[in-house]
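Peer 1: A structural model of the following input is requested.
(one chain, ligands or ions: 2)
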Amino acid sequence: MSNHSDPKNSADSRDAHKVTASAKRELPDPAEGNQSLPPALLLIFAAIICFAGVYLGIYHGGFQGSVYNESESTPDLLSSRKNGAAAVTQAPVELSLVEQGKAIYSNCQPCHQASGLGIAGQFPTLVGTEYVISSEKRLVSILLKGVAGPIKVAGATYNGAMPAWEKALSDRKIAAVASYVRATWGNNAPEISEAKVAALKKQLIERTAPWTEAELLAIPADAAIEGAVESAAPAGVSAATAKTTGAAVDIEAGKAQYMAICVACHQPTGLGLFPVFPPLVNSEYVKGSPERLVAIILNGVMGPITVDGKPYNNMMPAQGALLTDTKISQVASYVRTAFGEGASPVTVEQVAETRKKYGARPTGWTEAELKAFPQ
Ligand code: HEC
Ligand code: HEC
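Peer 2: Ligands and ions are numbered 1, 2, ... in the order given. Next up, the predicted model:
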């Protein structure tokens with residue numbers, strides 16, 4: 001007896017044929033298992049991973065915590081590539097004193113006000129006074145010990161008391177706030193280092209009383225604080241300041257401007273972002289005529305322009321309305337020292353003159369116009 005002759009069995013096998021036939025018409029059921037990715041997708045992932053690797057390779061900044069802190073970072077720190085004359089320094093770079101001082105000024109603000117102008121009859125102004133912008137020794141003496149009794153400031157006489165800060169603020173904080181008030185509201189005096197504050201504090205250790213006006217005026221207006229043992233400044237910074245001796249342009253403040261304004265486009269490295277933002281490194285516009293650089297910052301740039309051999313066609317917004325002459329001189333000087341192979345700094349007077357000539361211009365510069373600038 002065989003199953004073939006069983007009518008019930010043959011009906012079953014016919015059904016089975018039908019089922020397989022219809023199953024063949026369907027797409028296969030989704031199943032678990034290994035299937036290779038579409039090659040195009042693989043390529044895209046590979047490219048992304050490659051890009052990330054290269055990017056990290058260039059911009060790892062030694063994996064230091066401060067690298068992506070905009071106010072502590074520097075172009076050299078961020079990029080391991082050498083740019084122009086600026087050598088790579090891996091030393092951690094600190095927040096500039098002026099920047100630190102801004103926060104510490106909150107101690108002074110209740111009396112001297114955010115504007116630095118004080119309150120008539122009660123608190124004297126800090127803008128342009130012989131105690132703030134003249135001798136560093138006077139200012140630090142005031143901050144360490146305070147002032148009491150009648151004092152004439154900017155033509156008005158005050159008779160109040162300014163508290164001593166040597167107990168409340170560290171040497172570093174006193175240096176920072178002193179540097180801040182010397183570099184703000186149009187004041188343009190050099191910063192005062194922590195080492196100088198420490199040195200003067202030591203020299204005045206015996207004194208507890210606040211100063212009187214007569215004592216303060218007895219400190220010569222150009223008296224420097226002697227005996228400060230400076231710790232080595234980061235190489236980039238000392239090179240930058242060294243080049244400006246003689247001209248009182250605050251390059252550190254310029255760096256802060258750069259890190260606040262230009263950095264978004266020209267990048268911390270000054271290398272820009274091809275093909276959108278041109279580099280400031282190896283740019284004739286940075287190291288060439290200071291007047292032209294100031295004109296660029298004042299009015300912006302538009303249209304096709306070739307920088308360091310590569311073409312760009314974009315537009316740089318004018319900064320003239322946002323920045324004072326002092327700030328433009330600082331940022332231009334920073335850019336020239338950091339990216340322009342140490343080109344000379346730009347003075348406030350040069351900026352003022354350039355603004356007088358071109359300040360009213362409504363549009364950005366074109367490449368042809370920039371090329372026509374006198375060198
Ligand atoms: C409690 C109010 C008060 C605070 C806070 C204060 N000052 Fe003063 N400051 C005064 C007064 C009042 C005088 C004038 C003293 C006098 O009349 O003898 C003065 C004088 C000065 C002077 C010399 C005169 C001038 O205007 O150039 C300087 C510089 C100065 N203060 C800086 C500072 C700084 C920096 C801070 C913050 C660390 C600060 N002061 C915090 C009240 C204050
Ligand atoms: C919003 C982006 C942006 C900001 C902010 C910016 N720039 Fe530019 N900058 C550009 C672009 C884009 C160009 C090129 C314009 C073109 O293609 O015509 C340029 C061109 C320049 C040039 C001439 C070409 C070169 O690379 O040398 C200089 C110099 C320059 N910028 C300096 C500065 C300085 C200094 C600051 C800060 C005060 C600044 N820029 C802020 C986008 C910007």
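
Peer 1: interface residues of this structure facing ligand 2?
Peer 2: 261-262, 264-266, 277-280, 283, 285-286, 293, 296-297, 301-303, 305, 307, 312-317, 319, 331, 335 (CB under 6 Å from any ligand atom). C-beta coordinates here come from the backbone N, C-alpha and C atoms, glycine included.

Peer 1: any quick PyMOL command for the buried ones out of those?
Peer 2: To isolate the buried ones among the residues of the chain next to ligand 2 in PyMOL, judged by 16 or more other CB atoms under 10 Å, type:
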select buried, resi 261+262+266+277+278+279+280+283+285+286+293+296+297+301+302+305+307+312+316+319+331+335
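
Peer 1: residues touching G227, list them.
Peer 2: Counting by CB atoms under 8 Å, 6 or more residues apart in numbering, G227 touches 199, 202-203.

Peer 1: look up how far M162 lies from the closest residue to ligand 1 within the stretch 251-375 of the chain.
Peer 2: Residue nearest to ligand 1 within the stretch 251-375 of the chain: A253 (17.2 Å; CB to the nearest ligand atom). A253 sits 25 Å away from M162, going by CB to CB, to the nearest Å.

Peer 1: more crowded one of those two?
Peer 2: The neighbour count for A253 versus M162, taken as other CB atoms under 10 Å, is higher for A253 (26 against 21).

Peer 1: now do the same contact list for the closest residue to the more buried one other than its chain neighbours.
Peer 2: What sits nearest to A253 in space, not counting adjacent residues and going by CB to CB, 6 or more residues apart in numbering, is Q330, at 4.7 Å. With contact set as CB under 8 Å, 6+ apart, Q330 has these partners: 249-251, 253-254, 257.

Peer 1: which ones among these lie within helices?
Peer 2: 251, 253-254, 257 (DSSP state H).

Peer 1: can you select the buried ones from the residues you listed in PyMOL?
Peer 2: This is how PyMOL selects the buried members of the ones in helices among the contacts of Q330, with burial counted by 16+ other CB under 10 Å:
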select buried, resi 251+253+254+257
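
Peer 1: need the ones in helices among the contacts of Q330 in TSV (columns: pLDDT).
Peer 2: Converted to TSV, these look like this (pLDDT from 0 to 100):
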residue	pLDDT
I251	88
A253	91
G254	93
Q257	92
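
Peer 1: what helices and strands are in contact with the helix or strand hosting Y285?
Peer 2: Here Y285 sits within helix 284-287, counting by DSSP states H and E. Applying 3 or more CB pairs under 8 Å, 6 or more residues apart in numbering; DSSP states H and E, one finds that helix 284-287 makes contact with helix 290-299, helix 325-339.

Peer 1: pick the most deeply packed of the ones you listed.
Peer 2: Across these, the average number of neighbours (mean count of other CB atoms under 10 Å) peaks for helix 325-339, which reaches a mean of 27.

Peer 1: quick one: it to chain centroid distance?
Peer 2: Distance, stretch centre to chain centre, for helix 325-339: 12 Å (CA atoms, centre = their mean, to the nearest Å).
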